[in-house]
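**Student:** Got a sequence here, can you build the structure:
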Amino acid sequence: MSQTTISVYQNNNAFSKGYHKFYGRVKHSTVVDEKTLCMHVAKDSGIEESDVATVYDALFKQIEEQLCNGHPIKVDCFGTLKVSFSSTGVSAAEVKEKFPKFNPETEDIRKYLSVRQIKNARLLFQPCADVKTLLRSVKFMTDKSEWETPSPDPGPEPGPEP
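**Tutor:** Below you'll find the predicted structure:
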């Protein structure tokens, strides 16, 4: 069973509905980098670490390339990665204002939309059912050391009286 530590923080954003409320968040420990990950895979598989690193590099180069070309990446027993974005909307009146010859009755507005409307490109991850089940089995514990306040220093020990 996995166990993850949480820490508690207070929302100090005065514009938020949750202003001054306390929330929990995952207390992350050290980041696992590529070298460490390859070392663990090599240990678990019996394959040389250098071979794992070569496959790792080739795999992630392909993942990046396929995602940038609009292909979602499905990794069995893990989930699906895909590129997404948000965009600003545009009305027919705004297009008409910018392009006076535009006729919304006879023309398709889609040919007037621009890639400049795209904002906040991001990578989405949708875990598969097995990963969702795994996440539900994670046990969370609080780091109570954060709650302890240091006791005031009582000062120096009293010495013998003269």
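**Student:** Packing partners of the biggest helix by length in the chain?
**Tutor:** In the chain, assigned by DSSP state H, the helix with the most residues is helix 49-68. Counting contacts by 3 or more C-beta pairs under 8 Å, 6 or more residues apart in numbering; DSSP states H and E, helix 49-68 packs against helix 34-45, strand 73-75, strand 79-87. C-beta here means a position set from N, CA and C on the backbone, and glycine is covered the same way.
**Student:** a markdown table for these, including distance to Ser7, mean neighbour count and mean pLDDT?
**Tutor:** Output for the helices and strands packed on helix 49-68, formatted as a markdown table (distance: least, C-beta to C-beta, whole Å; neighbours: other C-beta atoms under 10 Å; pLDDT from 0 to 100):
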| stretch | distance to Ser7 | mean neighbour count | mean pLDDT |
| --- | --- | --- | --- |
| helix 34-45 | 23 | 13 | 95 |
| strand 73-75 | 30 | 14 | 96 |
| strand 79-87 | 26 | 14 | 95 |
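**Student:** Now do the longest helix of the chain: distance to the chain's middle.
**Tutor:** The chain centroid and the centroid of helix 49-68 are separated by 20 Å under C-alpha atoms, centre = their mean, to the nearest Å.
**Student:** In it, which residues are buried?
**Tutor:** For helix 49-68, burial by neighbour count (16 or more other C-beta atoms under 10 Å) applies to Val52, Ala53.
**Student:** correct me, but Val131 touches Asp76?
**Tutor:** No. Using C-beta atoms under 8 Å, Val131 makes no contact with Asp76, being 10.9 Å away.
**Student:** For His20, which of the helices and strands packed on helix 49-68 is the nearest?
**Tutor:** strand 79-87 (29.3 Å; C-beta to C-beta).
**Student:** which secondary structure elements does that closest one contact?
**Tutor:** Using 3+ C-beta pairs under 8 Å, 6+ apart, the elements in contact with strand 79-87 are helix 49-68, strand 73-75, strand 118-127.
**Student:** Looking at those, spot the one closest to Ala92.
**Tutor:** Among these, if distance is taken as C-beta to C-beta, the winner is strand 118-127, at 19.7 Å.
**Student:** Paired strands for that closest one, with orientation please.
**Tutor:** For strand 118-127, the paired strands and their directions (DSSP bridges) read strand 79-87 (antiparallel).
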